[in-house]
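Enquirer: Only the shape, not the letters, is given here:
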């Protein structure tokens, strides 16, 4: 059995991956809150942004953490199409959950459906990403820990969507984001604890790209997207601010007439 190291760079990758998960969660929750206060095309656009933020944050968290993953006796490469597919799955399935909450008439039913869908999307992204691993050996999973990681993902997603429906203040959203980031990280490392590798030494070259060739540049790009989108959302006026601005302009227009 190969020895697995989940933090080859020390605390750098676990801490950075947690930060990315928190940023994605915070941005996704703020966008969902904005969506619930909007209508028509505006609501749809906010929900799309929320889905992309949460999906991107979760994916970036996973693969930043994977930068610190190593197995003694073999190098590790990644299948590029499968890795990209895991990102698309994260966005699409998380989007389905977010839209279920954003447009659901029955809040309770929408929350359960959205949490289940989003949680399964998070878990699917994780294990699709793991399926993209290429190494000299066979990867095995502990079914109990795999099941536990899926449960954590569903509970975390449901809690996050509940927060989006019930928490409005920026401070409360920030606290909820820290909790969700911790839950997503817990899901990831629970899933990684389920992994064992039986190494088969070989001199044959592995297919795929190394983490630094593919994962690192893509993670940097997606991380930049999260930061820029966060700045855009922070600078965009809320529905209450727009209403206050419109109310303030009415007396001015009356005087002008």
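Expert: Structure received. Treat the numbers as computed from the prediction; the structure is a model and nothing was measured.
Enquirer: All the helices of the stretch 101-250 of the chain, residue numbers only.
Expert: In the stretch 101-250 of the chain, the segments counted as helices under DSSP state H, counting those that start in this stretch are 107-131, 143-166, 170-193, 216-235, 239-256.
Enquirer: Which of the ones you listed sits closest to residue 12?
Expert: The closest of those to residue 12 is helix 216-235. By CB to CB, the value is 12.6 Å. Where you see a C-beta, it was placed from the backbone N, CA and C, and this is true even at glycine.
Enquirer: Show the average pLDDT along the closest one.
Expert: Regarding helix 216-235, the rounded mean pLDDT is 81.
Enquirer: any residues touching it, and which ones?
Expert: By CB atoms under 8 Å, 6 or more residues apart in numbering, the list of residues contacting helix 216-235 from outside reads 20, 23-24, 26-27, 30-31, 34, 49, 52-53, 56-57, 59-60, 63-64, 67, 83, 87.
Enquirer: If you count neighbours, what's buried in it?
Expert: By 16 or more other CB atoms under 10 Å, the buried positions in helix 216-235 come out as 218, 219, 222, 223, 225, 226, 229, 230, 233.
Enquirer: With stretch 31-49 instead?
Expert: By neighbour count with 16+ other CB under 10 Å, stretch 31-49 contains the buried residues 31, 32, 33, 34, 35, 36, 38, 43, 46, 47, 48, 49.
Enquirer: That one: end-to-end distance?
Expert: As for stretch 31-49, its first-to-last residue distance stands at 7 Å under the measure CA to CA, to the nearest Å.
Enquirer: what's the offset of that stretch from the middle of its chain?
Expert: Shown here is stretch 31-49, whose average C-alpha point lies 18 Å from the average C-alpha point of the whole chain (CA atoms, centre = their mean, to the nearest Å).
Enquirer: In the stretch 51-200 of the chain, where is pLDDT below threshold?
Expert: 168 (pLDDT under 70).
Enquirer: where exactly do the strands run in the stretch 1-150 of the chain?
Expert: Counting by DSSP state E, counting those that start in this stretch, the segments of the stretch 1-150 of the chain that form strands are 4-5, 70-71, 77-78, 133-134, 137-141.
Enquirer: Is it possible to get CSV of the ones you listed that adds distance to residue 213?
Expert: Output for these, formatted as CSV (distance: least, CB to CB, whole Å):
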stretch, distance to residue 213
strand 4-5, 20
strand 70-71, 16
strand 77-78, 9
strand 133-134, 13
strand 137-141, 21
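Enquirer: Show me the one of these that comes nearest residue 207.
Expert: The minimum distance between residue 207 and these falls on strand 133-134, with 5.8 Å, by CB to CB.
Enquirer: Other residues contacting the closest one?
Expert: 76, 77, 78, 79, 139, 206, 207, 208.
Enquirer: quick one: residue 157 from residue 99, how far?
Expert: Look at residue 157 and residue 99: by CB to CB, to the nearest Å, they are 14 Å apart.
Enquirer: Same check on residue 232?
Expert: Using CB to CB, one obtains 21 Å as the distance from residue 232 to residue 99.
Enquirer: and what of residue 125?
Expert: Spatial separation of residue 125 from residue 99 under the definition CB to CB is 17 Å.
Enquirer: For the two, work out which one has more neighbours and name it.
Expert: Taking other CB atoms under 10 Å, residue 125 and residue 99 do not tie; residue 125 has more neighbours (26 against 20).
Enquirer: thinking again about what came up before, tabulate the strands of the stretch 1-150 of the chain (JSON lines), appending mean neighbour count and distance to residue 214.
Expert: Formatted as JSON lines, the entries for the strands of the stretch 1-150 of the chain read as follows, by neighbours: other CB atoms under 10 Å; distance: least, CB to CB, whole Å:
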{"stretch": "strand 4-5", "mean neighbour count": "13", "distance to residue 214": "20"}
{"stretch": "strand 70-71", "mean neighbour count": "20", "distance to residue 214": "16"}
{"stretch": "strand 77-78", "mean neighbour count": "20", "distance to residue 214": "6"}
{"stretch": "strand 133-134", "mean neighbour count": "18", "distance to residue 214": "12"}
{"stretch": "strand 137-141", "mean neighbour count": "13", "distance to residue 214": "19"}
